[in-house]
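Chemist: The sequence and its predicted three-dimensional model are supplied below.
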Amino acid sequence: MHLSLFQTSFTVTDLDRSVAFYRDVLGMTLKVTTEVDGEPLSTVTGYPRARLKIALMQAGDHEIELIQYLSPQGARTVPPRRDAGSAHMAFHVDDADSAYRELTGKGVRFVSPPQDFGQVNACYFLDPDGITLELIEQKGGA
């Protein structure tokens, strides 16, 4: 078996709000939005009569899938970064400090300003649902 990364997916509470954030604030491209239901979706998700609203976003050469469960609706819970099962997605930037200032100016919530780790500058920030995202600047050919 050969595995290769296809896409990253996050469940969100309000798809329109999330699309606006990922497109208008982070600069991703919206590829398509759709609503899906029926079989085999109910079988794949494990939820009878599942109905989802989905947006596919393009981030460079990677696809991000944002999913809002219309039925059954879920609770808004994001595990703390320190808990097993939490995840985050990192974005490469040329200048973390500049990206931090730009996104802060757009109202993005950061955990901290960029920190110097030697070969990289990095910092965490949050999407509208509190999902952790990261900026990473690689220094000196790292």
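Modeler: Great, that's in hand.

Chemist: now what about the longest helix along the chain, what contacts it?
Modeler: Looking across the chain with DSSP state H, the single longest helix is helix 96-105. Applying C-beta atoms under 8 Å, 6 or more residues apart in numbering, the contact partners of helix 96-105 are 25-26, 93, 110, 113-114, 121-123, 125, 135-137. For glycine as for every other residue, the C-beta is placed from the backbone atoms N, C-alpha and C.

Chemist: And these, which two are furthest apart?
Modeler: Pairwise distances across the contacts of helix 96-105 (C-beta to C-beta) peak at 20.2 Å, for the pair V25 and N121.

Chemist: who's more crowded, those two?
Modeler: In terms of neighbours (other C-beta atoms under 10 Å), N121 is the more surrounded of V25 and N121; the figures are 21 against 15.

Chemist: ok, the more buried one - contacts?
Modeler: N121 touches 96-97, 114-115, 136-137, 139, counting by C-beta under 8 Å, 6+ apart.

Chemist: where does it fall, helix, sheet strand or coil?
Modeler: What DSSP: H, G, I helix; E, B strand; the rest coil gives for N121 is strand.

Chemist: again, but for V32
Modeler: strand.

Chemist: count of neighbours near it?
Modeler: Counted with other C-beta under 10 Å, V32 comes out at 8.

Chemist: which residues touch it?
Modeler: Neighbour list for V32: 55-56 [criterion: C-beta under 8 Å, 6+ apart].

Chemist: Find the nearest non-adjacent residue to L56, please.
Modeler: In space, and not counting its chain neighbours, L56 is closest to K31: 4.3 Å by C-beta to C-beta, 6 or more residues apart in numbering.

Chemist: Brilliant, that's me finished.
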